[in-house]
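Novice: 3D, please:
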Amino acid sequence: MHIENTTIDGLLLVRLDVHGDNRGWFKENWQREKMVAAGLPDFKPVQNNVSLSAKKGATRGLHAEPWEKFISVTTGRAFCAWCDLREGSETYGQLVTAEVGPDTAVFVPRGVANGFQALEDDTAYTYLVTAHWSPDARYAAVNLDMVDWPLEPTEISEKDLAHPQLADAPSMAPRRILVTGANGQLGRALRPLLPNAEFVTHAEFDITDDSAYAARDWEQYSAIINCAAYNDVNGAETDRAGAWAVNALAPGKLARVAADHNLTLVHVSTDYVFDGSHEVHTEDEIPSPLSAYGASKAAGEAAASASPKHYIVRTSWVFGDGNNFIKTMANLARRGVEPAVIHDQKGRPTFAEDLAKGITHLLRVGPDAAPYGIYNLSSEGDAVGRDEMAMATFIGLGHDPSEVTPVSTEQYAEIAGPEAPRPAHSTFDLSKIEATGFTPMNWRAALALYLALLPED
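Specialist: As a prediction, this is how the structure comes out:
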């Protein structure tokens, strides 16, 4: 068995091994492990269909469905034709033909129109598909007469006769990326990088609600970026059920959808999954959360990892378009307030744009360059205490850094009241994601850019 490329991107011919004897023949028409190893996509078929053409010359197509197909012939022979109708494809409009018998199978990508003609009586054409047939699905089609069929076409349906010429044929839009938590700092930073993605707020898609999942056609997506989270660290200590529903159980629901529909799941996690006993955290460190919030996020990581195609992205101290620590410090500086800020919690800030760029980089290069799994992602630069980050903010706005008073975690609790426990060290080792070809910017440079554009409240 071997796989051959064609002039249509992603359309693959599979030459099968057929073993014959006096009884007939045998073949492995679909063998996941061998075929994936040979280069076929792991496309996860869910339905098998068989179309019998009683008379040679019977012709069908050319239809493009919003799912993948894996076709072959069990009896007889067929002349097959494919036309690329995928919007934006470099091979759009390209036509490929091939004779298909029991010794050949073809992987047909989503959006590539497929048609065939029976070359013998009683030709049985069989195909696996990656979604259950639906009358509500959006199809595309092109006229049969663009193909030089070896026989005079017969038994053509009225519907197939009415298909448009290529110049008038509808194209099929590519699968989209679904971004949850669209109004958060990361969601906003992703918008300019993913202009064709679907961004949904909590009101538009509640990741804790089972009915919200049932209402979506998941075959129309390629990936999910889960930016939605319960982020009230202190509130999670008393609202543990609320934090658990969003941060732990919902990622499991997303993972199940991703696994069922062969999607890539990107799940965003946090430094709070650690107790901070290590000064620098690697991806291999076992979670050791101190707080209810951290425990819910650690459980969410475990749930998200159930999806075969997953990126769990751990980040820390995010600042971007929205409410965050640096914005709070900037507002205090502008109001002339001299804050007391904790000095014994150290880490490295993350510019939301860096985080967004790193995530889109992982999706773009894919598992060949960035194997699925956990990735640390923050901005580059020196590790600092929260007090030093506040001082850098004050300096960036032309204020004296001495306006910031460093205090210990215990002293801060005496001033502001008790808080949920936080890790003493939140610095990430970035070597794994940098090995994939992505290098984030220095957080101090990012801070200068952020402050230059930060409006006054």
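Novice: Helix, strand, or coil at the residue sitting nearest the centre point of the chain?
Specialist: Within the chain, one residue has its C-alpha closest to the average C-alpha position: by Cα atoms, centre = their mean, that is residue 223, at 2.7 Å. Classification of residue 223 using DSSP: H, G, I helix; E, B strand; the rest coil returns strand.
Novice: next one: residue 294
Specialist: Here residue 294 takes the helix state, with states given by three-state DSSP.
Novice: And it, how far from residue 251?
Specialist: 15 Å (Cβ to Cβ, to the nearest Å). For the C-beta atoms, the positions are set from N, CA and C on the backbone; glycine is no exception.
Novice: Show me which of those two is the more surrounded one.
Specialist: Using other Cβ atoms under 10 Å, the more surrounded residue of residue 294 and residue 251 is residue 251, with 32 against 27.
Novice: distance of that one from residue 285?
Specialist: Residue 251 sits at a distance of 19 Å from residue 285 (criterion: Cβ to Cβ).
Novice: just residue 21 next, same as before
Specialist: Here the distance between residue 21 and residue 285 works out to 58 Å (Cβ to Cβ).
Novice: ditto for residue 376
Specialist: Taking Cβ to Cβ as the measure, residue 376 falls 10 Å from residue 285.
Novice: what about the closest residue in space to residue 65 that isn't next to it in sequence, neighbour count?
Specialist: Beyond its immediate neighbours in the sequence, the residue positioned closest to residue 65 (Cβ to Cβ, 6 or more residues apart in numbering) is residue 139, lying 5.8 Å away. Each residue near residue 139 was counted by other Cβ under 10 Å, and the total is 14.
Novice: going on from the biggest helix by length in the chain, what's the next piece of helix or strand?
Specialist: In the chain, ranked by residue count with DSSP state H as the criterion, the top helix is helix 352-369. Counting by DSSP states H and E, the next helix or strand C-terminal to helix 352-369 is strand 373-376.
Novice: OK, contacts around residue 454?
Specialist: By Cβ atoms under 8 Å, 6 or more residues apart in numbering, the contact set of residue 454 is 327, 330.
Novice: follow-up on the earlier one: who has more neighbours out of residue 376 and residue 285?
Specialist: Here residue 376 and residue 285 are set side by side on neighbour count (other Cβ under 10 Å), and the busier one is residue 376, at 26 against 17.
Novice: Pairing partners for the more buried one in the sheet, please.
Specialist: Note on residue 376: beta-bridge partners by DSSP bridges are residue 314.
Novice: Could you measure from it over to residue 344?
Specialist: Residue 376 sits 22 Å away from residue 344 when distances are taken as Cβ to Cβ.
Novice: Could you verify my assumption that the residue nearest to residue 65 touches residue 61?
Specialist: No - under the criterion of Cβ atoms under 8 Å, residue 139 lies out of contact with residue 61, with a separation of 11.5 Å.
Novice: residue boundaries of the strands in the stretch 351-457 of the chain?
Specialist: Using DSSP state E, counting those that start in this stretch, the strands of the stretch 351-457 of the chain run over 373-376, 384-385, 405-407, 427-428.
Novice: what's in contact with the longest one?
Specialist: The set of residues that contact strand 373-376 without belonging to it, under Cβ under 8 Å, 6+ apart, is 281-283, 301, 305, 310-315, 358, 362, 428-430, 432-433.
Novice: make it 7 Å
Specialist: Counting by Cβ atoms under 7 Å, 6 or more residues apart in numbering, the neighbours of strand 373-376 from elsewhere in the structure are 281, 283, 311, 312, 313, 314, 362, 428, 429, 430, 432, 433.
Novice: Could I get those in TSV, plus columns for neighbour count?
Specialist: Converted to TSV, those look like this (neighbours: other Cβ atoms under 10 Å):
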residue	neighbour count
281	23
283	15
311	26
312	24
313	21
314	25
362	24
428	27
429	16
430	21
432	18
433	23
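Novice: which of these lies closest to residue 94?
Specialist: Ranking the contacts of strand 373-376 by separation from residue 94, with Cβ to Cβ as the measure, puts residue 362 on top at 30.0 Å.
Novice: What is the burial count for the nearest residue to residue 51 once chain neighbours are set aside?
Specialist: Using Cβ to Cβ, 6+ apart and skipping residues adjacent in sequence, the residue nearest residue 51 is residue 125, 4.6 Å away. For residue 125, the count of nearby residues is 21 (other Cβ under 10 Å).
Novice: all numbers from here: first residue = 10
Specialist: From this message on, residue numbering opens at 10, which makes the last subject residue 134.
Novice: Could you tell me how far residue 134 is located from residue 368?
Specialist: Shown here: residue 134 relative to residue 368, a distance of 42 Å by Cβ to Cβ.
Novice: Give me the distance between residue 397 and residue 350.
Specialist: Spatial separation of residue 397 from residue 350 under the definition Cβ to Cβ is 9 Å.
Novice: I meant residue 81, not that one.
Specialist: 67 Å.
Novice: Just the helices from the chain, written as ranges.
Specialist: Under the criterion DSSP H, the chain carries helices at the ranges 41-47, 167-170, 194-199, 219-223, 249-253, 259-269, 301-313, 334-343, 361-378, 395-405, 418-425, 440-443, 452-462.
Novice: List the buried residues in the last one.
Specialist: So that's helix 452-462. Within helix 452-462, the residues that qualify as buried are 452, 453, 455, 456, 459, 460, counting by 16 or more other Cβ atoms under 10 Å.
Novice: and the first one, what does it touch?
Specialist: Neighbour list for residue 452: 357, 358, 360, 388, 389, 390 [criterion: Cβ under 7 Å, 6+ apart].
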